[in-house]
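Participant: after the sequence you'll find the predicted model.
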Amino acid sequence: MPLPEEHSILTLAPEEISRFLMRTRRDRDLERFEVRLDEHLREVLARADDFVPSQAGAILLDDPRAKLQGKDVGRLTVIACFGEGFQLGTRVPADQGGVGTIYQRGQPLKLDDIIGVPVILGESICGVLELRGRRHDPHVHDVAERLRYEARDLELLRIFAAYISSSIQNALDAIRSRELARRDDLTGLYNDRFLYRRMTEDIARAERDGTNVSLLFLDLDEFKVVNDTWGHLAGSRTLREVGQLIGTAIPPGAVAARYGGDEFVIILPGADAATASVVGEALRKAIGATAFLTEAGEIGPGPAGLHVSASLGVAAYHEHVGPFGSLDRRQNALLRLADTAMYQSKSDGKNRLTMAEAED
């Protein structure tokens with residue numbers, strides 16, 4: 001029995017859905033997924049209705065940030081639904097009513113006109129799929145009977161629950177696989193291949209929308225001394241910790257990539273030169289004030305609390321790149337200008353930030 005046309009399946013926007021699926025601390029970049037989770041959730045609800053035709057249905061998920069922080073999950077949020085009785089974004093108590101019972105116990109539940117099953121990712125209950133009002137054949141005239149679920153409906157939905165969990169998990173695994181292909185293995189930041197792709201996208205957007213985009217080119221000062229003195233294991237660990245600091249220190253929407261060796265590039269969409277300078281100065285100071293390798297003996301003989309400094313160059317697209325030539329030329333010019341400014345910081349004494357000079 002197909003889902004009635006008037007019961008179209010609705011979901012939150014993809015960028016809103018992503019935060020309900022960040023189940024590990026390394027999932028921060030799900031907001032830039034290529035697999036459309038909104039479409040995926042619509043398919044899940046449509047399939048649930050195929051199994052057990054219903055007047056209304058919804059997927060409700062908890063907030064994973066609370067779990068990651070060790071807090072109690074107070075509410076579940078409707079992230080996808082169809083039919084009357086559910087509203088996108090509505091938050092319901094996680095310990096009350098039929099939904100709360102399913103979520104707390106991790107067991108399917110059937111009432112007269114409501115059935116539901118837990119949504120499980122890995123070994124953790126993360127939400128509930130609830131259906132309301134069984135759709136029977138039109139010849140059933142009694143309203144209560146038309147909406148009543150039977151024991152076999154719950155069994156069908158219980159079977160379907162395994163599909164829900166594996167389907168969502170497969171989608172997340174596909175997203176993470178794509179994400180890993182974009183990442184630098186050592187630092188966890190983006191790699192240079194993804195950096196070039198994002199630069200192309202952000203520059204094209206800046207030209208189309210009349211907005212700006214800036215680059216920070218960062219190089220650690222005299223990092224070869226760390227490798228020569230304490231060994232490459234200490235150097236690699238320091239680079240990893242610097243990468244983690246950069247990833248947490250940059251503003252939302254910025255993209256940080258390891259360009260190679262001890263060089264890093266940060267894309268700042270929408271930022272002009274002055275804004276990029278403020279971000280760069282804050283990052284330079286944060287690196288200089290941080291003690292790395294603080295666990296003595298963790299990597300063998302070596303420093304406990306190593307300090308490094310960084311030299312930075314800043315270039316802004318509209319302020320420094322000439323409006324001529326191909327998009328590739330302008331993209332390469334932006335990177336080259338930021339790189340040249342960074343080397344000027346090195347020449348002027350290191351541990352400083354230098355603004356690029358505009359092209360003629």
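Facilitator: Sure thing, it's come through.

Participant: switch to C-alpha atoms for all contacts and neighbour counts from now on
Facilitator: Will do.

Participant: show me what stretch 321-328 is in contact with.
Facilitator: By C-alpha atoms under 8 Å, 6 or more residues apart in numbering, the residues outside stretch 321-328 that reach it are Thr200, Ala204, Arg330, Ala333, Leu334, Ala358, Glu359, Asp360.

Participant: mind listing what's buried along that stretch?
Facilitator: Val321 (16 or more other C-alpha atoms under 10 Å).

Participant: endpoints of it, how far apart?
Facilitator: 12 Å (C-alpha to C-alpha, to the nearest Å).

Participant: give me the three-state assignment for Gly85.
Facilitator: Secondary structure, DSSP: H, G, I helix; E, B strand; the rest coil: Gly85 is coil.

Participant: nearest residue to it in space, please, no chain neighbours.
Facilitator: Of all residues not flanking Gly85 in the chain, Ala56 sits nearest, at 7.1 Å (C-alpha to C-alpha, 6 or more residues apart in numbering).

Participant: how far away is that neighbour from Leu131?
Facilitator: Distance, Ala56 to Leu131, by C-alpha to C-alpha: 6 Å.

Participant: quick one: which of the two has more around it?
Facilitator: Leu131 (28 against 23; other C-alpha atoms under 10 Å).

Participant: so Gly57 bridges to which residues?
Facilitator: Phe82, Leu131 (DSSP bridges).

Participant: who's in contact with it?
Facilitator: The neighbours of Gly57, taking C-alpha under 8 Å, 6+ apart as the test, are Leu45, Asp49, Cys81, Phe82, Gly83, Phe86, Leu129, Glu130, Leu131, Arg132.

Participant: make it 10 Å
Facilitator: The contact partners of Gly57, taken as C-alpha atoms under 10 Å, 6 or more residues apart in numbering, are 7, 9, 45-46, 48-49, 80-86, 114-116, 129-133.

Participant: Tyr190 too?
Facilitator: Counting by C-alpha under 10 Å, 6+ apart, Tyr190 makes contact with 179-184, 243, 247, 255-259, 264-266.

Participant: any of those buried? List them.
Facilitator: Here, 16+ other C-alpha under 10 Å leaves 179, 182-184, 243, 247, 255-259, 264-266 buried among those.

Participant: got a markdown table for the residues you listed, with secondary structure, pLDDT and distance to Val213 too?
Facilitator: A markdown table is the format used below for the buried ones among the contacts of Tyr190 (DSSP: H, G, I helix; E, B strand; the rest coil; pLDDT from 0 to 100; distance: C-alpha to C-alpha, whole Å):
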| residue | secondary structure | pLDDT | distance to Val213 |
| --- | --- | --- | --- |
| Glu179 | helix | 66 | 23 |
| Arg182 | coil | 83 | 21 |
| Arg183 | strand | 87 | 22 |
| Asp184 | coil | 90 | 23 |
| Gly243 | helix | 95 | 22 |
| Gly247 | helix | 93 | 18 |
| Val255 | strand | 92 | 11 |
| Ala256 | strand | 95 | 14 |
| Ala257 | strand | 95 | 16 |
| Arg258 | strand | 95 | 19 |
| Tyr259 | strand | 94 | 18 |
| Phe264 | strand | 97 | 17 |
| Val265 | strand | 97 | 13 |
| Ile266 | strand | 97 | 11 |
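
Participant: what packs against the helix or strand encompassing Arg47?
Facilitator: Assigned by DSSP states H and E, Arg47 falls within helix 37-51. Contact analysis of helix 37-51 by 3 or more C-alpha pairs under 10 Å, 6 or more residues apart in numbering; DSSP states H and E lists strand 10-11, helix 14-19, strand 54-61, strand 75-82, strand 124-134, helix 151-181 as its packing neighbours.

Participant: at 7 Å what do you get?
Facilitator: If contacts are counted by 3 or more C-alpha pairs under 7 Å, 6 or more residues apart in numbering; DSSP states H and E, helix 37-51 sits against helix 151-181.

Participant: give the next helix or strand downstream of the helix it packs on.
Facilitator: helix 192-209.

Participant: list the buried ones in stretch 108-124?
Facilitator: Residues Pro108, Leu109, Lys110, Asp113, Ile114, Ile115, Gly116, Val117, Pro118, Val119, Ile120, Leu121 are the ones in stretch 108-124 that count as buried (16+ other C-alpha under 10 Å).

Participant: by pLDDT, give me the weakest of these.
Facilitator: Among these, Leu121 has the lowest pLDDT, at 80.

Participant: quick check: that residue vs Glu295, distance?
Facilitator: Following C-alpha to C-alpha, the distance that separates Leu121 from Glu295 is 34 Å.

Participant: cool, and Arg182?
Facilitator: 29 Å.

Participant: same deal with Gly305?
Facilitator: Gly305 sits 8 Å away from Glu295, going by C-alpha to C-alpha.

Participant: between these two, which one's more packed in?
Facilitator: More neighbours surround Gly305 than the other of Gly305 and Glu295, with 13 against 10 (other C-alpha under 10 Å).

Participant: just checking, that one touches Leu293?
Facilitator: Yes. If you go by C-alpha atoms under 7 Å, Gly305 and Leu293 touch, sitting 5.3 Å apart.

Participant: my guess is Tyr317 meets Asn212, correct?
Facilitator: Yes. Shown here, Tyr317 and Asn212 form a contact pair, counting by C-alpha under 7 Å, at 6.3 Å.

Participant: of these two, who's got more company?
Facilitator: Neighbour totals were compared for Tyr317 and Asn212, and Tyr317 leads with 27 against 20 (other C-alpha under 10 Å).

Participant: how near is that one to Pro251?
Facilitator: Tyr317 is 18 Å from Pro251, by C-alpha to C-alpha.

Participant: picking up where we left off before, which members of the contacts of stretch 321-328 are classed as buried?
Facilitator: Using 16+ other C-alpha under 10 Å, the buried ones in these are Thr200, Ala204, Arg330, Ala333, Leu334.
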